[in-house]
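Participant: Provide a 3D model corresponding to the input given below.
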Amino acid sequence: MSSTALAAALALGAAAAQAASATDFNDAPPNVEHFSPAFEGQTRAPVITDDTPIKATAAVTGLQNPWGMAELPDGSWLVTERGGSLRMVGADGSLSDPIAGVPKVASAGQGGLLDVQIAPDFASSRRLWLSFSEPVEGGNHTAVATATLAADGRALEDLKVIFRQTPTYDGDKHFGSRIVPDGQGGIFVTLGERSDVPIRDTAQADDNTLGKIVHIDGTTGAPAPGNPGMGLPEIYAKGVRNVQAGTLDASGQLWTIEHGPEGGDELNRIEPGKNYGWPVISYGQSYGGAPLNEGISAKEGMEQPVYYWDPVIAPSGMAFYDGAMFPDWKGSILVGGMVAQALVRLTMEGGKVTGEARYPQGERVRDVAVASDGSVRLLLDSGEMRVLTRE
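Facilitator: The predicted model follows:
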């Protein structure tokens with residue numbers, strides 16, 4: 001990173017808290033004026049005044065379209081590049097050559113190498129998961145592979161694809177996908193509905209995995225025990241759009257955040273067997289302003305989001321903050337905002353959002369993670385991994 005760019009990043013970090021408290025982002029008009037929240041606090045939570053002194057530094061630059069990251073026990077980080085490379089960022093800030101053995105990806109549009117997560121027993125097993133858009137005859141689909149990282153960190157070994165989204169579709173949008181280990185040997189995988197009309201409507205069908213959350217065994221890909229039986233045995237929940245953020249809270253509850261169209265980004269508490277409504281209900285509208293289907297935001301039998309944004313923040317990546325470095329952030333949800341070009345923080349109480357703060361980064365934030373030392377790592381579309389620490 002150049003000295004000029006680093007100085008700008010440091011200044012940006014120092015000013016982030018003041019900018020978050022000085023700018024009332026709730027003043028922006030919604031895209032859809034006639035929708036009203038279903039309950040108090042469902043949108044436009046009070047703006048949090050936060051004077052936390054934040055320092056921003058670049059851990060590494062020069063990444064190409066970074067998408068997902070995972071911290072290893074030694075303090076290094078695996079980072080996916082959407083074009084198809086997996087790299088390691090060392091604790092010393094070094095950037096490895098591409099790691100060998102990564103599966104071939106369909107990297108057009110929003111597709112490519114997407115998320116990476118490590119197994120809870122990585123220190124002994126060196127096992128990890130990758131999600132990616134897999135090119136196949138007739139198009140592509142979201143797939144998940146498991147592999148082990150070689151002892152020298154230079155290659156993946158014993159790679160096996162354990163999940164493939166059905167059906168295959170010849171498109172380049174809405175692949176999802178975040179991988180969320182459940183801590184018991186399984187993984188949740190968030191899956192997009194491929195965006196186009198009419199295929200997006202099949203997010204409501206039970207005979208495919210478009211617009212679904214699936215819960216599978218992390219080794220074999222078999223349906224996880226206790227799934228609700230929504231048609232296909234791997235389906236955990238349905239009716240989601242393009243979920244690019246997912247994590248567990250301290251109790252093990254799954255939470256996701258999905259992209260809305262024009263308006264209607266959603267934070268959802270995902271429960272087994274539930275229908276989250278897309279594209280029948282939404283707090284957004286079609287691009288260009290036309291109503292979505294019947295233009296409704298609620299319907300019996302379909303879940304309401306815990307929180308929604310209109311205008312959108314374009315969410316990608318999330319984490320519950322549980323570190324020691326920012327004690328006032330304990331229990332907050334941290335979200336990457338691409339359109340917002342900010343780290344977004346939501347305070348929670350009793351499962352409801354009570355406040356929102358934004359910490360401008362000047363760039364699209366693609367992923368968010370809480371490091372083992374309590375700092376916050378951000379992946380930026382420009383190719384930087386940024387570290388936020390307390391000054």
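Participant: doesn't residue 380 make contact with residue 388?
Facilitator: No - using CB atoms under 8 Å, residue 388 is not in contact with residue 380; the gap is 11.8 Å. Where C-beta positions appear, they are placed from N, C-alpha and C, glycine not excepted.
Participant: buried ones in stretch 27-46?
Facilitator: 30, 31, 32, 35, 37, 42, 43, 44, 45 (16 or more other CB atoms under 10 Å).
Participant: And for stretch 138-147?
Facilitator: For stretch 138-147, a neighbour-count test (16+ other CB under 10 Å) marks 139, 140, 141, 142, 143, 144, 145, 146, 147 as buried.
Participant: if we take the buried residues of stretch 27-46, which one ends up nearest to residue 173?
Facilitator: residue 31 (19.6 Å; CB to CB).
Participant: and the closest one, which of the three is it?
Facilitator: When classified by DSSP: H, G, I helix; E, B strand; the rest coil, residue 31 comes out as coil.
Participant: So for the helix or strand containing residue 357, mean pLDDT?
Facilitator: Using DSSP states H and E, residue 357 sits in strand 352-360. Averaging pLDDT along strand 352-360 yields 97.
Participant: How about stretch 220-235?
Facilitator: Stretch 220-235 shows a mean pLDDT of 97.
Participant: So which bits of it are buried?
Facilitator: 221, 223, 224, 227, 230, 232, 234, 235.
Participant: Point me to the helix or strand that includes the nearest residue to the first one once chain neighbours are set aside.
Facilitator: What sits nearest to residue 221 in space, not counting adjacent residues and going by CB to CB, 6 or more residues apart in numbering, is residue 162, at 3.1 Å. Under the criterion DSSP H and E, the helix or strand holding residue 162 is strand 156-164.
Participant: which neighbours does that strand have in its sheet, and in what orientation?
Facilitator: Using DSSP bridges, the strands paired with strand 156-164 are strand 139-149 (antiparallel).
Participant: hey, C-alpha coordinates of the partner strand in PDB?
Facilitator: Written as PDB, here are the backbone C-alpha positions of strand 139-149 (Å, rounded to 0.1, in the frame of the first residue of the first chain):
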ATOM      1  CA  GLY A 139     -25.000 -23.700 -17.200                       C
ATOM      2  CA  ASN A 140     -23.900 -23.600 -13.600                       C
ATOM      3  CA  HIS A 141     -25.000 -23.900 -10.000                       C
ATOM      4  CA  THR A 142     -23.700 -23.200  -6.500                       C
ATOM      5  CA  ALA A 143     -21.600 -26.100  -5.200                       C
ATOM      6  CA  VAL A 144     -19.800 -26.800  -1.900                       C
ATOM      7  CA  ALA A 145     -16.600 -28.700  -1.700                       C
ATOM      8  CA  THR A 146     -14.600 -30.000   1.300                       C
ATOM      9  CA  ALA A 147     -10.800 -30.500   1.300                       C
ATOM     10  CA  THR A 148      -7.800 -30.500   3.600                       C
ATOM     11  CA  LEU A 149      -5.100 -27.800   3.500                       C
END
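Participant: Which one of the buried residues of stretch 220-235 is nearest to residue 258?
Facilitator: residue 235 (16.2 Å).
Participant: ok, the closest one touching residue 216?
Facilitator: No - counting by CB under 8 Å, residue 235 sits too far from residue 216 to count as a contact (10.2 Å).
Participant: rewinding a little: what about the next helix-or-strand element following the strand holding residue 162, distance to the chain center?
Facilitator: Next helix or strand after strand 156-164 toward the C-terminus (DSSP H and E): strand 179-181. Counting by CA atoms, centre = their mean, to the nearest Å, strand 179-181 is centred 11 Å from the centre of its parent chain.
Participant: about what we covered before: which residues sit against the strand holding residue 162?
Facilitator: With contact meaning CB atoms under 8 Å, 6 or more residues apart in numbering, strand 156-164 is reached by 86, 99-103, 128, 134, 141-150, 189, 214, 216-221, 234.
Participant: switch to 7 Å and redo it
Facilitator: 99-103, 134, 141, 143-150, 189, 216, 220-221 (CB atoms under 7 Å, 6 or more residues apart in numbering).
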